[in-house]
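*Asks:* Test case, fold it:
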Amino acid sequence: MGRVRKERKTNPLVLIKYEGKNSAEQVYFNNYKRRDLRIKYATGNSTDIKGMLDDLIIYMKKEDINVANNDKIYLIVDTDLKSSKVNELMEIEEKCKENGIKIITSAPTFEIWYLIHFRSNNLVFQNSESVKRALKEYIPDYKETKNVFSTIENNTDNAIRISKELEQRGTSSNKYDLNPHTDIYKVVEDIKNM
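*Replies:* Model (predicted):
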């Protein structure tokens, strides 16, 4: 006789896979952990998008994390304004959809999310470093491992509004090509609604 699988009765779970180590994403999202919401970060050593997705799926299976349990699963990627990354993102869309994974992108980098807490932005950035330089106008000692949540928290609703405006202003048929843009607001809204 086969094992009867018990339905998991735990607090909601948010699973995030991001690029690199010591990431601004993890520092930021740790601020949303609370007693009734768990946030985990998928492990793996891959740095390319397809490898990150494979690492995420392996982690999901190992930890029994899936949308059937009402878990929210995100693959967070900076496009770095590279067409190769945009192409990879388009190639993995179907596999992400099949596994209940939401692709969350920022262009050129995650720090655009922080920057739009301070200002609306119509500028086109040349690279990730230009965003970080602009951010230092507001947070002079900024570095990826710095927790800036208390500095930006009161402006989050404004950042969400600006993110949506940037998305709507986009003239490209492919949202990954928008410069600047960030989908981080989608994770924040999901977390707030959990």
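
*Asks:* tell me the pLDDT at the residue positioned nearest the centre of the chain?
*Replies:* Geometric centre of the chain, nearest residue: residue 76, 3.6 Å, by CA atoms, centre = their mean. Confidence at residue 76, expressed as pLDDT, is 97.

*Asks:* hmm, who's touching the host helix or strand of it?
*Replies:* For residue 76, the element it lies in under DSSP states H and E is strand 72-78. Under the criterion CB atoms under 8 Å, 6 or more residues apart in numbering, residues 12-19, 25, 49, 52-53, 56, 60, 65-67, 85, 89, 92, 96, 99-110, 128, 184, 187, 190-191, 194 lie in contact with strand 72-78. Using the backbone N, CA and C atoms, a C-beta is placed for each residue, glycine as well.

*Asks:* go on, stretch 140-156?
*Replies:* Stretch 140-156 has contacts (CB under 8 Å, 6+ apart) with 22-24, 27-28, 30-31, 111, 114, 117-118, 132, 135-136, 139, 159, 188.

*Asks:* So residue 54 is in contact with residue 48, correct?
*Replies:* No. Contact criterion CB atoms under 8 Å: residue 54 and residue 48 do not qualify, at 9.6 Å.

*Asks:* Compare these two (neighbour count), which wins?
*Replies:* Neighbour count, other CB atoms under 10 Å: between residue 54 and residue 48, residue 54 has more, with 15 against 12.

*Asks:* So what does the closest residue in space to that one that isn't next to it in sequence look like in phi/psi?
*Replies:* Of all residues not flanking residue 54 in the chain, residue 46 sits nearest, at 6.6 Å (CB to CB, 6 or more residues apart in numbering). Here is the backbone geometry of residue 46 (degrees, to the nearest 10): phi -70, psi 140.

*Asks:* Quick check: beta-bridge partners of the residue nearest to the centre of the chain?
*Replies:* residue 104 (DSSP bridges).

*Asks:* Any regions of the chain where pLDDT drops low?
*Replies:* In the predicted model, the chain carries pLDDT under 70 at residues 1-9, 121-122, 170-173.

*Asks:* what residues are up against residue 36?
*Replies:* Taking CB under 8 Å, 6+ apart, one finds 11, 12 in contact with residue 36.
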